[in-house]
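> generate coordinates for the sequence data below:
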Amino acid sequence: MGLLEGKVAVITGAGTGMGRSTAELLAAEGAHVVLVGRRLSVLEEVAAAIASDGGTVHPRAADIASKDDVDALVAWVSETLGPVDILVNNAGSASKVLNVRWISQEEWNSVLDVNLNAVYLLTQAVLPGMLSRNTGTIITVSSLAAVNPNLLGGAAYGAAKAAVRNFMTYLHNTFRNEGLRAVTVLPGETATPILDNRARPPKSEEREAMVQPEDVARAIHLVATLPQRTVVQELVIAPTVQRDTSGDIEISRWAGAPAEDLPQL
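Numbers count the residues shown, from 1 in each chain. Next up is the predicted model:
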C-alpha cells in the first residue's frame, strides 16, 4: 500500500509544471487525486497519463478565484470521493507589468486573485471538514519572492506570495492543535511555463540549471506523506547555483512603461 492510500488530494494548477508532477507522485502513493485548473482538456490529458500508470484521478475545471466555483468543487469532491485530506494550493499567476509604477489595478487584482484569494477560498471550503475530523493537510506553494521580492516576479507577485506565506503561518498557529498541518513551500526560480511571461523569458540552458517541477513535487510529496504527528511548517527549495539576473531585472523595470517614460538611449 502507498503512503497515501485512499486519501483524497485536491491539487490546483494541476495541468502543467509543479502541479502535474505533484499529482503524479501523490497518485503513485495511492491518493485519489483531483486535478483542478481552468482548461479541462489539459487536465484530461494529465488524468489519462496518470490513469495509465494505475493512478486514481479526477479532472475538474474550475475558476478558483470564484467562491461559487470553489464551493461547488469541494461539494462535488466530498459527495463523490469523500472529505478532502490534502489540499495543494499550487496554481500561480504573474503579471506582465512588473514595476509598481505602471501596473494597472486590474492586473494587480488578477495576480492576487490566483495567488492569494483562491487560497483563502479553498482553505475556507475544506477547513470545516478537516477540523471536524481533527486531521488534514494544506500545502501552499509560495515563492522566495515572498522573502526577497524584486522585479523578476514583480510587485504584485511578491506581495501575493508574501501574504499567502503569512496566511499559512496564521493557519499553523491557529489550528495546529485541532489536527491541521499548514505547510508553506518556497521555491526559488523554477522552470515552469510561468517563466514564459517574463519580460525576458529565460533561455533553455538557463532553465536547465533552475529548480525543476519534479523537484518541487518531491518536496510536496515529503511534507504530505510524513506521519500526521509531524509537520514541516516551511520548506525552502532553491537552485544550487545563483545565476546573474541583473540584466533581466533591468529589462523588467521598463516592461509596460509608457513611451514617454522609457529611458532615452
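
> mind checking the SS state of residue 228?
Here residue 228 is recorded as coil under DSSP: H, G, I helix; E, B strand; the rest coil.

> can you tell me the closest non-neighbouring residue to it?
What sits nearest to residue 228 in space, not counting adjacent residues and going by CB to CB, 6 or more residues apart in numbering, is residue 135, at 5.8 Å. C-beta: built from backbone N, CA, C; applies to glycine.

> so which bits of stretch 100-110 are buried?
103, 107-108, 110 (16 or more other CB atoms under 10 Å).

> what of stretch 164-178?
164-165, 167-168, 171-172, 175.

> show me the residues you listed that map onto helices.
164-165, 167-168, 171-172, 175 (DSSP state H).

> quick one: strands adjacent to the strand of greatest length in the chain?
Secondary structure assigned by DSSP state E gives strand 180-187 as the longest strand of the chain. Strand 180-187 has its sheet partners listed here by DSSP bridges as strand 136-141 (parallel), strand 234-237 (parallel).

> contacts made by it with the rest, please.
Under the criterion CB atoms under 8 Å, 6 or more residues apart in numbering, residues 18, 127, 130-131, 136-144, 146-147, 164-165, 168-169, 171-172, 175-176, 211, 216, 219-220, 223, 228, 231-238 lie in contact with strand 180-187.

> only the buried subset of those residues, as a PyMOL command please.
One line in PyMOL is enough to select the buried ones among the contacts of strand 180-187; burial here means 16+ other CB under 10 Å:
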select buried, resi 18+127+130+136+137+138+139+140+141+142+143+144+146+164+165+168+171+172+175+211+216+219+220+223+231+234+235+237
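
> kindly export the longest strand of the chain (C-alpha atoms) in CSV.
The C-alpha atoms that make up strand 180-187 are tabulated as CSV, following Å, rounded to 0.1, in the frame of the first residue of the first chain:
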residue,chain,number,x,y,z
LEU,A,180,-4.4,20.8,10.8
ARG,A,181,-1.0,20.8,9.2
ALA,A,182,-0.4,24.0,7.3
VAL,A,183,2.8,23.9,5.2
THR,A,184,4.4,26.6,3.0
VAL,A,185,6.8,25.6,0.2
LEU,A,186,9.0,28.4,-1.0
PRO,A,187,10.7,27.6,-4.4
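
> for the chain, what spans make up the helices?
17-28, 40-52, 67-80, 105-112, 118-133, 155-175, 204-208, 213-225, 246-253.

> check contacts around the residue positioned nearest the centre of the chain.
The structure's the chain has its C-alpha centroid closest to residue 90; by CA atoms, centre = their mean the separation is 1.7 Å. Shown in contact with residue 90 (CB under 8 Å, 6+ apart): 11-14, 18-19, 22, 141, 220.
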